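Chemist: Return atomic coordinates for the entry below.
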Amino acid sequence: MEIDQKKPLSAIIKEVCEGWSLGNHENFALQIADATNFYITEKNRNDIKNGSILRLTTSPYQTAVQLHERIQSSSMDAKLEALKDLANASRDITFAQEFINLDGISLLTQMVESGTDFGDLLSFTLTAFVELMDHGIVSWDTFSVAFIKKIASYVNKSAMDTAVLQRSLAILESMVLNSQDLYHKVAQEITIGQLIPHLQGTDQDIQTYTIAVINALFLKAPEEKRQVRLPTPINDEMAHQLYVLQVLTFNLLEDRMMTKMDPQDQAQRDIIFELRRIAFDVDCDPNNSGSIEKRKSMYTRDYKKLGFINHVNPAVDFTQIPPGMLALDNMLYFARHHQDAYIRIVLENSSREDKHECPFGRSSIELTKMLCEILKVGELPSENCHDFHPMFFTHDRSFEEFFCICIQLLNKTWKEMRATSEDFNKVMQVVREQIMRALTLKPNSLDQFKSRLQNLSYTEILKIRQSERMNQEDFQSRPILELREKIQPEIMELIKQQRLNRLCEGTCFRKISSRRRQDKFWYCRLSPNHKVLHYGDLEECPQGEVPHDSLQDKLPVADIKAVITGKDCPHMKEKGALKQNKEVLELAFSVLYESDEYLNFIAPDKHEYCVWTDGLNALLGKEMTSDNTKSDMDTLLSMEMKLRLLDLENIQIPEAPPPIPKEPSNYDFVYDCN
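Modeler: Coordinates of the predicted model:
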């Protein structure tokens, strides 16, 4: 090719090398590149070694200088392009070093603090910042309070660009994890309550980053502060958001729960070797263990002691999903963080008779699966659930600690039941009941949960079962059944009066809307004479009852034709989004009046739904069929029966009435009362 003599040498070399297949000239090409103001990236260097085409780019220093100038351009378009290039180039550590040497980090932080950039400009600025800081060249302790406040403000805003929010959350997480001093500064600017709303959206990346920040704050918090400080009483919205946080946090375990172990993966097999080493304090180096046959025999013996189903290749035990690799993660955590308890369980069971040993491996796998079922790992949060457990917010590895407590409980229960391998499923049922009963008490900490379990031994579970069985069975003799039938109408009338009294007090309902956030309310109540339903709109949900005269609309009970529930309600047919929501469907009911007019309701919870549907049916003279009615009937009937039969305690009630004696031969007898 002809060479233009007017061009500089660097330009000529670049022109010659572009599109030139190097072949065996690799060293020559590299020397040319190193002798000029061009450099070859790691990818280009690999291309050269593979005989590919040589690509030369500007040196890191020159690129850094150019971008440093371009991002300060007065033209918004030029500035945006420069920031895009900077975000991409910052992934390379060589470039990052040169840009940081030009005080580039300070320039980016000043741009953020000034607050003049927004949208894509701000997004690429934060992206470049995150990429540069990820190389670990600059200490996180160097940033000002003004910068932290600015980043926190992006997170605290209700409406913020997704990319900006994601980068801001990533920056806050890194600050908290990398500096104790910055933890205190970040904790002053942002609270758990301000982060929770970001869990309401559908963007899984935002939810993941939010949970990461929350976990980081818990991890770096002093021991005495590693608890969720809840107001008393806690409102429904806060309870729901904490429930959502709990569900999403545990859902992060789903990937491991659904990952099978690869028996050929040496890294995964090493975890099993580690479990063996910790338990038996042996050298796991295959080179120091004699012949292959001897090693196999020794491994098989130890894996049997560890309680694996497959003694020869325990990796096969973890191919069942769920719980997959999550079970192995739990076992390793227990072995490392509660080593004494782990060794005691393994050695204790190794010394028992084969039929009485509690298999640690099999137990851990089944227990992990059970805990995932109890905590509903992998299920989406419900729209109306408020059921959360405060103890899971007191530790940054709460699931693993939960497992450690429960595996020790399982071993203890196994001994108390004097179980054999044939009783494995029975033991698991008892352990499940112990865990569920302890969780029902809502312990505030893992230690409190552990102490609750101490009071739920196998003997205590048997007593509770017996007591509940007695309460459920009552007495099944015919006289008792006849007595139940006699007093049942009285109890039903009592329940009916309670329902009508609740309707007279009234309830605040949310306005039916397809929008996610609903802030309009209406109130409905029954008149004291049970003749009229009064209802009307409200600006906010009241704390107490709303007077009848302040409710503008009326509906005479005599005009009500029917009560409709669930998917048959007209407002459920109209709202496409609500139609698919099972929770909302279960709370919907409508009152039909005149020919085709409806008064549509969505109850705030299941209890109010039962109260209103029961009350409206009672007004119409129909049967009350809700779950609450059945539960109330059982409770009240049981109490009434026990009170009436109190004088007959320890007296055997015959199944049949005693026989009537024969008539006397005559009635010629008198009893003198005097």
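Chemist: Dihedrals phi and psi, residue 510?
Modeler: Backbone torsions for residue 510, taken as degrees, to the nearest 10, come to phi -80, psi 150.
Chemist: My read is that it contacts residue 520, right?
Modeler: Yes: at 7.3 Å, residue 510 and residue 520 qualify as touching, with contact defined as C-beta atoms under 8 Å. C-beta: built from backbone N, CA, C; applies to glycine.
Chemist: Regarding residue 589, what is its secondary structure?
Modeler: Here residue 589 is recorded as strand under DSSP: H, G, I helix; E, B strand; the rest coil.
Chemist: end to end, how far does stretch 191-206 reach?
Modeler: 17 Å (C-alpha to C-alpha, to the nearest Å).
Chemist: Show me which residues of it are buried.
Modeler: Buried residues in stretch 191-206, defined by neighbour count with 16 or more other C-beta atoms under 10 Å: 192, 195, 196, 198, 199, 206.
Chemist: next one: stretch 142-154
Modeler: Buried residues in stretch 142-154, counted by 16+ other C-beta under 10 Å: 143, 147, 148, 149, 150, 151, 152, 154.
Chemist: Could you identify the helix or strand that succeeds the helix or strand hosting residue 165?
Modeler: According to DSSP states H and E, residue 165 maps onto helix 162-178. Of the helices and strands lying after helix 162-178 in sequence (DSSP H and E), the nearest is helix 180-189.
Chemist: which residues sit against that next one?
Modeler: Residues outside helix 180-189 that contact it (C-beta atoms under 8 Å, 6 or more residues apart in numbering): 140-141, 143, 145, 148-149, 152, 156, 172, 175-176, 217, 220-221.
Chemist: mind putting these in JSON lines, pLDDT included?
Modeler: Formatted as JSON lines, the contacts of helix 180-189 follow (pLDDT from 0 to 100):
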{"residue": "140", "pLDDT": "86"}
{"residue": "141", "pLDDT": "83"}
{"residue": "143", "pLDDT": "85"}
{"residue": "145", "pLDDT": "85"}
{"residue": "148", "pLDDT": "86"}
{"residue": "149", "pLDDT": "87"}
{"residue": "152", "pLDDT": "86"}
{"residue": "156", "pLDDT": "82"}
{"residue": "172", "pLDDT": "88"}
{"residue": "175", "pLDDT": "88"}
{"residue": "176", "pLDDT": "85"}
{"residue": "217", "pLDDT": "78"}
{"residue": "220", "pLDDT": "73"}
{"residue": "221", "pLDDT": "69"}
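Chemist: Can you tell me which of those residues comes closest to residue 131?
Modeler: residue 140 (14.7 Å; C-beta to C-beta).
Chemist: Residue 176 is in contact with that closest one, correct?
Modeler: No: checked against C-beta under 8 Å, the pair residue 140 and residue 176 is beyond contact range at 9.4 Å.
Chemist: More neighbours: those two, which one.
Modeler: More crowded of residue 140 and residue 176, by other C-beta atoms under 10 Å: residue 176, with 26 against 16.
Chemist: Within the helices and strands, which one has the nearest residue to the more buried one once chain neighbours are set aside?
Modeler: Once flanking residues are discounted, residue 176 sits nearest to residue 216: 4.1 Å by C-beta to C-beta, 6 or more residues apart in numbering. Element membership of residue 216 [criterion: DSSP H and E] is helix 204-220.
Chemist: Contacts made by the host helix or strand of residue 65 with the rest, please.
Modeler: According to DSSP H and E, residue 65 maps onto helix 60-70. If you take C-beta under 8 Å, 6+ apart as the criterion, helix 60-70 is touched by 37, 39, 57-58, 78-79, 81-82, 85-86, 89, 92, 94-95, 97-99, 101-102, 104, 107.
Chemist: Which among these count as buried?
Modeler: Burial by neighbour count, 16+ other C-beta under 10 Å: within these this picks out 39, 79, 82, 85, 86, 89, 92, 94, 95, 98, 99, 104.
Chemist: Figure out how far stretch 658-665 is from the centre of its chain.
Modeler: Mean-position distance between stretch 658-665 and its chain equals 72 Å (C-alpha atoms, centre = their mean, to the nearest Å).
Chemist: ok, now stretch 82-102?
Modeler: 38 Å.
Chemist: any idea of the angle the helix or strand just after the helix holding residue 216 forms with helix 204-220?
Modeler: Scanning forward in sequence from helix 204-220 by DSSP H and E, the next helix or strand is helix 236-251. Taking axes from the mean of the first three to the mean of the last three C-alpha atoms, to 10 degrees, one finds helix 236-251 and helix 204-220 inclined to each other by 90 degrees.
Chemist: Leaving out chain neighbours, which residue sits closest to the residue nearest in space to the middle of the chain?
Modeler: Residue closest to the average C-alpha location in the chain (C-alpha atoms, centre = their mean): residue 247, at 1.6 Å. Sequence neighbours aside, residue 381 is the residue nearest to residue 247 in space, at 4.3 Å (criterion: C-beta to C-beta, 6+ apart).
Chemist: now the one you found, what's its secondary structure?
Modeler: Under three-state DSSP, residue 381 falls in the coil class.
Chemist: ok, back up a step: how about the residue nearest to the centre of the chain, what does it touch?
Modeler: Contacts of residue 247 by C-beta under 8 Å, 6+ apart are 376, 379, 380, 381.
Chemist: In terms of pLDDT, where does it sit?
Modeler: Looking at residue 247, its pLDDT reads 89.
Chemist: can you list the weak-confidence ranges in the stretch 51-200 of the chain?
Modeler: For the stretch 51-200 of the chain, the stretches with pLDDT under 70 are 51-58, 116-117, 158, 200.
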